[in-house]
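> Just a sequence and a predicted model for now, questions to come.
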Amino acid sequence: MLAFALTLLLLLGIVIVLAYAERKVAAFMQDRMGPTEAGPYGSLQSVLDVVKLLQKEDIVPAAADKKLFKLAPILIFAAVFAGFAVIPFTPDLIPAGIGIGVFYLLAIISLDVVGLLMAGWGSNNKYAMLGAMRSVAQIVSYEIPAGLAILSVVMVCQSLDFQEISYQQGILLNRFPGLEFETNWLFGIEALGINTTNIGGITTWNIFRAPILLVAFVIYFIASLAESNRAPFDIPEAESELVAGFHVEYSGFRFAILFLAEYSMMVLVSLVAVILFLGSWNTPLPNLTALKFANWTTGTVGELSGILWGGFWLLSKTFVLLFLQLQIRWTYPRLRVDQLMHLCWKVLTPIALGIVLLAGIWRLLMV
Amino acid sequence: MERSSVTHKTGFWEVTKSLLSGLRLTWRHFRNADKRRAPVPVMDADYFKQPEGLVTLTYPYEAIPVPENGRYRLHNEIDDCIVCDLCAKICPVNCITIESVKATEEIGMTSDGTKKRLYAPIFDIDMAKCCFCGLCTTVCPTDCLTMTPVYDFAEVDIKNMIYHFTDLTPEQAEEKKQLLAKQQEEMAAAKAAALAARKQQ
């Protein structure tokens, strides 16, 4: 229960910051100023937006399928929020440390699709229906390359546990129960003879442990953009054609929930990318002979310093990815539906299949 | 004609390069966000030479200065006005309302030496109707009606867009009217008396 409240609070905080950052970053990239009036540099703008949304009337269209319409936002947010349960925030802080975290996460996020379809169908509105259909088609399609990219990580790490995957990517490797006698080699190849177990930092991140995962990371990142309906894959919301996609008919608190779910999805896919590919809560600074950067910036596990450093690295890496998502949104134009499907089925999926194969071979080199 | 566009089958590196150059562009704009456009007037040499930074001006707090001879809000210098009604006549949108009362004696002189013989109990300009053509200022014989560089005069109540330029209070105007009526009565009486005297002759 405490984990639930803390995660929700953390998520709300991040989403508020992200919504503000979205507007400010968009403005700066287009040589505008963004919010300036509410609070210093407009920093209270997103808080005020939330307050405004909470005050608004909750409109349920007369022709809507009321049960589905009302249930959909709750289901969508619940599906995304449930995904946070298995995210390790620090070396010893994880809401629910289950052994099949990766599998659970992929499964629970897929529930999102049901909610989207409910919202689109329940609204009884052509734009909402079209938006929902596109959304579902897109998310279901892109789960395949994303899933394959994740699978290659799982094959390299030999674990479905997010926390174990996290421990493998840093100097704390031998502290995880069951990994006491493991060793990290540079690029994962023992034949090179460079032991990086105590060097840590960026050299033990998954993209370094098995450089083939760098390609998997790019595939996962592209697929994650599509899964969270972000530009350039935002045809489900295509402002210019569909008004707002599946949530046109929503207002007030229900809209706020949908909005929150959308941004939570962004945060979640970035968190997963960081945990699986970019060293999770591990520091990026390696130990260099006498300069023990990795040790200094890891803190002590089980103490406050460990929690603070872990949380700091995890969140800062996540924010870098989130910034990249924003920048991509304001840089690239939207793809057409056929281009979207082409990219997914004919480009990303075959490459991802190849990566899975190569990751398996790489794993053989690692043992 | 053969198409030379980059296709997805051949140009992987070309496409990657162009994607990266797109990201570089937005990143450059993001980095330059600490610079601001300076609110310099159009006469300034730097007006067209500010390619970097945010272009937005936070208007009520900062504004591009307008030229000193900007022609926006009308102003009437009532001391110089001879209440000739020319401006009201030429106005294409009838936004000037003037009511005149003859003075019983000469009121004074305008700054260019014209004698003033009329009071103006009402001299209203409805800036909400004004089309800023400037005709009224060209016909004004004493140059008392001018356009000023003030352009930010929006009002919440549209009644406040009517500018009153008269220097007489309603009481004073009433007094002047009565004075005129009295003088005209006296003159009429004097005229009648003179007529009667001529008839008697």
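Noted; the coordinates are in hand.
> For chain B, give me the ranges with low pLDDT.
Across chain B, the ranges flagged by pLDDT under 70 are B:1-10.
> domains for chain B, by residue range?
With automatic domain parsing as the criterion, the domains of chain B are listed as B:14-65, B:74-182.
> Turn the ones you listed into TSV, including mean neighbour count and distance to chain A.
The C-beta positions use only the backbone N, C-alpha and C, and glycine is treated the same way. As requested, these are exported to TSV (neighbours: other Cβ atoms under 10 Å in any protein chain shown; distance: least, Cβ to the nearest Cβ, whole Å):
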stretch	mean neighbour count	distance to chain A
domain B:14-65	13	4
domain B:74-182	15	18
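> between those domains, which gets nearest to residue A:115?
domain B:14-65 (32.3 Å; Cβ to Cβ).
> Can you check the distance spanned by the closest one, start to finish?
Distance across domain B:14-65, first residue to last, is 47 Å (Cα to Cα, to the nearest Å).
> ditto for stretch A:22-37
One end of stretch A:22-37 to the other measures 16 Å (Cα to Cα).
> what's the answer for stretch B:142-151, then?
OK, stretch B:142-151 end separation, Cα to Cα: 24 Å.
> Please enumerate the strands of the chain.
You didn't pick a chain, so chain A it is. Here chain A has its strands, by DSSP state E, at A:287-288, A:291-292.
> think we crossed wires, I meant chain B
Ranges of strands in chain B, per DSSP E, are B:74-76, B:96-102, B:108-109, B:115-116, B:118-126, B:145-147, B:162-164.
> which residues sit against the first one?
Strand B:74-76 is contacted from outside by B:123, B:125, B:127, B:130, B:136-137, B:144-148, B:163, B:165, using Cβ atoms under 8 Å, 6 or more residues apart in numbering or on different chains.
> quick revisit: dump the domains of chain B to CSV, plus distance to residue A:162.
Below are those laid out as CSV (distance: least, Cβ to Cβ, whole Å):
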stretch, distance to residue A:162
domain B:14-65, 30
domain B:74-182, 58
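> and residue A:22, which of those domains is closest to it?
domain B:14-65 (13.0 Å).
> Show me what residue of the stretch 51-200 of chain A gets nearest to chain B.
Distances between the stretch 51-200 of chain A and chain B by Cβ to the nearest Cβ are smallest at residue A:145, namely 16.5 Å.
> which residues does the residue in chain A that chain B sits nearest to contact?
Nearest residue of chain A to chain B: residue A:28, at 3.7 Å (Cβ to the nearest Cβ). Shown in contact with residue A:28 (Cβ under 8 Å, 6+ apart): A:34, B:29-30, B:33, B:54.
> can you count the residues close to residue A:309?
Using other Cβ atoms under 10 Å in any protein chain shown, residue A:309 is surrounded by 21 other residues.
> thought it was touching residue A:301?
No - Residue A:309 is beyond contact range of residue A:301, at 9.8 Å (criterion: Cβ atoms under 8 Å).
> So which other helices or strands are in contact with the longest helix anywhere in chain B?
Ranked by residue count and defined by DSSP state H, the top helix of chain B is helix B:170-200. Helices and strands touching helix B:170-200, by 3 or more Cβ pairs under 8 Å, 6 or more residues apart in numbering or on different chains; DSSP states H and E, are strand B:96-102, strand B:118-126.
> Skipping adjacent residues, who's closest to residue A:81 in space?
Of all residues not flanking residue A:81 in the chain, residue A:264 sits nearest, at 6.3 Å (Cβ to Cβ, 6 or more residues apart in numbering or on different chains).
> ok, now residue B:131?
Closest to residue B:131 by Cβ to Cβ, 6+ apart is residue B:93, at 5.2 Å.
> Contact partners for the residue nearest the centre of chain B?
Central residue of chain B (Cα atoms, centre = their mean): residue B:73, 1.6 Å from the mean position. Residues counted as contacts of residue B:73 (Cβ under 8 Å, 6+ apart) are B:127, B:147-148, B:150-151, B:153.
> Could you report the neighbour count for residue A:212?
Using other Cβ under 10 Å: residue A:212 sits among 24 other residues.
> dump the residue contacts of it.
The contact partners of residue A:212, by Cβ under 8 Å, 6+ apart, come to A:152, A:355, A:358-359, A:362.
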